[in-house]
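> Give me a 3D structure for the following:
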Amino acid sequence: MKLVVKSLLKKINMCVMPRIQLFKQHKGKDYEFIDKVVREHFFAGGTAIMLHKYIGIHEQDNDGDFTKSHTNNAIPETTIQDLLLLENRDRKYSDDIIELRGHYTVGDTDLDLTQFGLTVANDVLFITFHTNDVFERVGRKLMAGDVFELPHLLDDTGLDNSKGPIPKFYAVEDVTRSSEGFDPGWWPHMIRVKCKVIEDTQEYRDILEAQNEDGHALQDIVSSIGRDIEVSEAVYNQAELETPESGYETRHLYYNKTENMPGVAGSEDGVPAEGVLVGQGDSFPDSATEGQHFLRTDFTPHRLFKKVGDRWKKVEDDKRAAWQKASTLARTYIYNTGSFTEQNETVQSKDSLTKAAKPKADF
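Got it, this is the predicted structure:
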């Protein structure tokens, strides 16, 4: 009897209803219904966001450099231009602007002291989009490199609107799924995009070089590069005006030997007062007689020598012109007695000072 009752109860439990669960392995009618409702919320309450779609990089010429992508006519957006630095500098954007609907939380302009210095914490936005709506309008998932233009943040109340109102551009940095975008069946419906204010760099030249309805380039409206160049040129011109000569003026540091007062030494001009100047250069001549002079131009300033016996004796330095370097050392030292033999030919060589002064034992 007990076995009969148990079998009947088991059959009743199997026939009454199946086990209930929210998760389903396939997207069914519930998912489609919830997805349509979510899309309607974005369409009704979302703000318009204009998308400048990133479509790849401009055609490249690798010039045999293997770190650059190969040249072709259709470069996809997944291509990396520079494989060494892992960056895409010459980005190309579509001429057609796509309108999306998104949600984000507006934040106040607060100063952040948690980093190294004072920073503004409102240059990053987190915008939420409907996943399937983005796929239908864009044709792919949003990716790093796409640029958003937010028309509701257009600044048309500036101090100078002669070039038109100032638009607001943000570049996409990261795309993830939104935590609040899951339905009861655990299927996601929304994506969360992290974007940051763009900078006036080479990556966004396609967008910034475009012109508005008044014929002004966006670069001149949203960027301060024109003003920065003007300031830099003004500083350069003023510096050039205040420092007309190059080098260092050192004549005021020397005294006239005859008058014992600051000034240019009359005899220190690199010209011998007596004797004959046999020439000038960076090495002494092989033949010279007693009392002749030679100007060494490899010294700074130039140094005048006089032949006395079997050696050259310093006479003076040419101190007329301003020094280019605060040094009176020779650029090179030539040990004239050094030589070496190459292919049965004896050639004069350069020796270091330590080798020239090193004593040699005679055997």
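> For the stretch 51-200 of the chain, which segments are assigned as strands?
91-103, 111-112, 119-120, 124-130, 147-149, 169-177, 190-197 (DSSP state E, counting those that start in this stretch).
> Just checking: what are the partner strands of the last one?
Think strand 190-197. Note on strand 190-197: by DSSP bridges, its sheet partners are strand 124-130 (antiparallel), strand 169-177 (antiparallel).
> what do you get for the first one?
As defined by DSSP bridges, the strand partners of strand 91-103 come to strand 47-57 (antiparallel), strand 124-130 (antiparallel).
> Among the ones you listed, which comes closest to residue 299?
Nearest to residue 299 among those is strand 47-57 (55.3 Å), distances taken as C-beta to C-beta. Just so you know, the C-beta spots here come from the backbone N, C-alpha and C atoms, and that holds for glycine as well.
> for residue 31, phi and psi?
phi -60, psi -40 (degrees, to the nearest 10).
> How much space separates residue 45 from residue 101?
As judged by C-beta to C-beta, to the nearest Å, residue 45 and residue 101 stand 9 Å apart.
> Oh, that last question was meant for residue 49, not what I typed.
The spacing between residue 49 and residue 101, counted by C-beta to C-beta, is 7 Å.
> Check residue 276 too.
Applying C-beta to C-beta to residue 276 and residue 101 gives a distance of 94 Å.
> Could you identify which of the strands paired with strand 190-197 is most buried?
Highest mean neighbour count among the strands paired with strand 190-197 (mean count of other C-beta atoms under 10 Å): strand 124-130, with a mean of 20.
> Pull the residues that contact it.
Contacting residues not belonging to strand 124-130 are listed as 38-39, 42, 49, 100-105, 142, 148, 170, 178, 181, 189-196 [C-beta atoms under 8 Å, 6 or more residues apart in numbering].
> pLDDT score for the closest residue to residue 282 other than its chain neighbours?
Nearest non-adjacent residue to residue 282, counting by C-beta to C-beta, 6 or more residues apart in numbering: residue 298, 3.8 Å away. Note for residue 298: predicted pLDDT of 85.
> again with residue 52
For residue 52, the predicted pLDDT is 93.
> Enumerate every residue touching it.
By C-beta under 8 Å, 6+ apart, the residues touching residue 52 are 93, 94, 97, 146, 147, 148, 149, 207.
> Quick check: the residue nearest to it when sequence neighbours are not counted vs residue 124, distance?
Excluding the flanking residues, the one nearest residue 52 by C-beta to C-beta, 6+ apart is residue 147, at 4.1 Å. The gap separating residue 147 from residue 124 is 15 Å, by C-beta to C-beta.
> among the strands paired with strand 91-103, which is nearest residue 226?
strand 47-57 (22.1 Å).
> Can you report how many residues neighbour the residue lying closest to residue 94 once chain neighbours are set aside?
Counting by C-beta to C-beta, 6+ apart, residue 94 lies nearest to residue 53, which is 4.3 Å off, once chain neighbours are set aside. When neighbours are defined as other C-beta atoms under 10 Å, residue 53 has 21 of them.
> With the one 4 residues further on instead?
Residue 57 has 21 neighbouring residues, counting by other C-beta under 10 Å.
> contacting residues for it?
69, 75, 79, 81, 88, 89, 90, 91, 92.
> Residue 206: what's it in contact with?
91, 92, 93.
> same thing but at 10 Å, please
52, 54, 55, 58, 90, 91, 92, 93, 94, 95, 147 (C-beta atoms under 10 Å, 6 or more residues apart in numbering).
> coming back round to it: where does the residue nearest to residue 282 sit, in terms of helix or strand?
For residue 298, there is no enclosing helix or strand under DSSP states H and E.
> What subset of the contacts of residue 52 is buried?
When the contacts of residue 52 are checked for burial by 16 or more other C-beta atoms under 10 Å, the buried set is 93, 146, 147, 148, 149, 207.
> nearest residue to the fifth one other than its sequence neighbours?
Nearest non-adjacent residue to residue 149, counting by C-beta to C-beta, 6+ apart: residue 50, 4.1 Å away.
> Does that neighbour touch residue 169 like I think?
Yes: at 9.4 Å, residue 50 counts as touching residue 169 under the criterion of C-beta atoms under 10 Å.
> Pull up the overlap in contacts between these two.
By C-beta under 10 Å, 6+ apart, the residues touching both residue 50 and residue 169 are 147, 148, 149, 150.
> Looking at these, which one is closest to residue 346?
When the shared contacts of residue 50 and residue 169 are compared against residue 346 (criterion: C-beta to C-beta), the nearest one is residue 147, at 72.5 Å.
> who are the neighbours in contact with the closest one?
Counting by C-beta under 10 Å, 6+ apart, the residues that residue 147 touches are 50-54, 91, 93, 169-172, 195, 198, 203-204, 206-207.
> try it again with 8 Å
51, 52, 54, 93, 169, 170, 171, 172, 198, 204, 207.
> For the first one, which non-adjacent residue is closest in space?
By the measure of C-beta to C-beta, 6+ apart, the closest residue to residue 51 outside its immediate chain neighbours is residue 98, 4.4 Å from it.
> Ok, the third one next?
With sequence-adjacent residues excluded and distances taken as C-beta to C-beta, 6+ apart, residue 54 is closest to residue 145, at 3.9 Å.
> where do the helices sit along this structure?
2-16, 29-45, 131-138, 205-208, 218-222, 225-242, 353-357 (DSSP state H).
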